[in-house]
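Peer 1: Need coordinates for the below:
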Amino acid sequence: MTDLSTTYLGLNLKNPLVASASPLSKNIDKARKLEEAGISAIVMYSLFEEQIIHESLELDHYLTRGTDSFAEAMSYLPDGGVYSVGPEKYLNQVAGLKKALNIPVIGNLNGVSKGGWTKYAKQIQDAGADALELNLYYIPTDLDLTAQELENAQVELVAQVKSAISIPLAVKLSPFITALPNFARRIVEAGADGLVLFNRFYQPDFDLNELKIVPSLDLSASAELRLPLRWISILHGKINADFALTSGVHTANDVLKTMMAGAKVAMMASNLLHNGEQVIPSMLTELETWMKEREYVSIKQMQGSMSQKSVKEPAAFERANYMNVLNSFRDLP
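Peer 2: Numbering: from 1, shown residues only. Next up, the predicted model:
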C-alpha cells in the first residue's frame, strides 16, 4: 500500500496537502469540509500586526521608521474587510477550529517588529494551535534602512517569538532577499523549525477613472511553482529545517515536484478558493496512482530526490539553466 504520510514541524500528517493561510479558515464548516475531503492540516488566516497595534501596542524603531511600507498596512485593508478582526476573535477561531477538527491547526502571525505584540504568539499557542507560522511580509521604502538592519530586525523577531512559545515555529519568507541561503540559515539559527517559501506580494493597481489606488488580487497559477521549487531544491540538505512550498500548487504533479525538491508539505489556497474542496480527493488519487506506477512506496522515499544534493548537475539549480533556456529560442521562426 502506498504511504502518503509525511511529517512537518514534528506533526504527523496523513498526506502532504496542507491548506495555506486564506479566508477558508474563517469558516469552521468550510474547514471541516476540507478535512473530510482529505486535507492533512490547515493554516489559519493571518492575525496582522497592524490589528494588534491598533489596540494601543507600541511600535518599535523599525515600524516607526516605515509605517507606510507594510504591504498589508491599515491603509491597504478595506474597512470591515475579511482580515479586519481583533486578536480576541482570532483566538476564539483558533479554539473553535481545534474543537471541530481532528487535523492540526497552525496559527499565523503577520508582522515585522519585535515588541509587546509577540505575546499573542503565546496566546495563539494557549488557544490550541499545534504550531505557529510567522509571516515576514515587509516592503522597505525607507532610503536609510539598510538590508542588514532589516534582516537583523527580522532575525531578532524570530528569536523573540520562538522564546515566547513551546510549539513549533515556521517562518514564511519573501523571495526578494539578496543572499537568501544565508538569511534562511540565520532564521533557522534564531529558532525557526520550518521555512515556508514564499509569501506572495499583492500589488495594488491604479483606477484611471477614479484616480485612486485600488486593491488587486490575482490567484496563483502552477507556473509560480518554479521559484520556490528552485530554492527548496537548493537549500534541501543544507539547512536543518522542514520546508513547506506555497504558491503555485494546483495539481498532483505540482505536489510530486514539491516533494522531490525536498519539501515536507505542499500548501495551497488559490486552487481551493477557486474550485473548492472537491479538488482534494482527485489530487490524492492521482498522486497515489503516479507513485504506484513508478513503484514509489512512500512520500518520504521521494522527498529531496531531485534536489541539488541528489542530481548530477546541481548547476542547473544554481544558474537556473539560464543559457539553455535562452538558447532554446534560437530556432524559433
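Peer 1: From here on, just use CA atoms for contacts and neighbour counts.
Peer 2: Fine.
Peer 1: So for the residue most central in space within the chain, what pLDDT did the model give?
Peer 2: Geometric centre of the chain, nearest residue: Val196, 4.3 Å, by CA atoms, centre = their mean. In this model, Val196 is scored at 98, pLDDT.
Peer 1: Where does it fall, secondary structure wise?
Peer 2: strand 194-197 (DSSP states H and E).
Peer 1: So which other helices or strands are in contact with that strand?
Peer 2: strand 169-173, helix 180-189, strand 242-246 (3 or more CA pairs under 8 Å, 6 or more residues apart in numbering; DSSP states H and E).
Peer 1: possible to save the ones you listed as TSV with mean neighbour count and mean pLDDT?
Peer 2: Rendered in TSV, the data for these read as follows (neighbours: other CA atoms under 10 Å; pLDDT from 0 to 100):
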stretch	mean neighbour count	mean pLDDT
strand 169-173	26	97
helix 180-189	18	97
strand 242-246	27	97
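Peer 1: Quick check: what element follows the helix or strand bottoming out on mean pLDDT in the chain along the chain?
Peer 2: Ranked by mean pLDDT, DSSP states H and E, the weakest helix or strand in the chain is helix 61-65, scoring a mean of 44. The first helix or strand that comes after helix 61-65 along the chain, using DSSP H and E, is helix 87-100.
Peer 1: Contacts for the very next helix or strand once past that next one, please.
Peer 2: Sequence-wise, the next helix or strand downstream of helix 87-100 (DSSP H and E) is strand 105-110. By CA atoms under 8 Å, 6 or more residues apart in numbering, the residues outside strand 105-110 that reach it are 21, 41-49, 94, 97-98, 121, 124-125, 129-137.
Peer 1: and the next helix or strand after the strand holding Val196, which strands flank it?
Peer 2: Taking DSSP H and E as the definition, the helix or strand that follows strand 194-197 towards the C-terminus is strand 205-207. Within its sheet, and counting by DSSP bridges, strand 205-207 is paired with strand 212-214 (antiparallel).
Peer 1: how far out from the middle of the chain is the partner strand?
Peer 2: 27 Å (CA atoms, centre = their mean, to the nearest Å).
Peer 1: do stretch 191-210 as well
Peer 2: 11 Å.
Peer 1: got the buried residues for that stretch?
Peer 2: Gly191, Ala192, Asp193, Gly194, Leu195, Val196, Leu197, Phe198, Asn199 (16 or more other CA atoms under 10 Å).
Peer 1: and if you look at stretch 146-160?
Peer 2: In stretch 146-160, counting by 16+ other CA under 10 Å, buried: Leu150, Ala153, Gln154, Val155, Glu156, Leu157, Val158, Ala159, Gln160.
Peer 1: For this structure, just list every one of the strands.
Peer 2: 6-8, 11-13, 17-19, 41-43, 47-48, 105-110, 131-135, 169-173, 194-197, 205-207, 212-214, 242-246, 265-268 (DSSP state E).
Peer 1: Tell me the pLDDT of Pro215.
Peer 2: On the pLDDT scale, Pro215 gets 75.
Peer 1: Give me the below-cutoff pLDDT ranges for this protein.
Peer 2: Within the chain, the ranges that satisfy pLDDT under 70 run 49-86, 112-113, 116-117, 202, 216-217, 312-333.
Peer 1: quick revisit: give me the sheet partners of the strand holding Val196 and which way each runs.
Peer 2: Assessed with DSSP bridges, strand 194-197 is paired to strand 169-173 (parallel), strand 242-246 (parallel).
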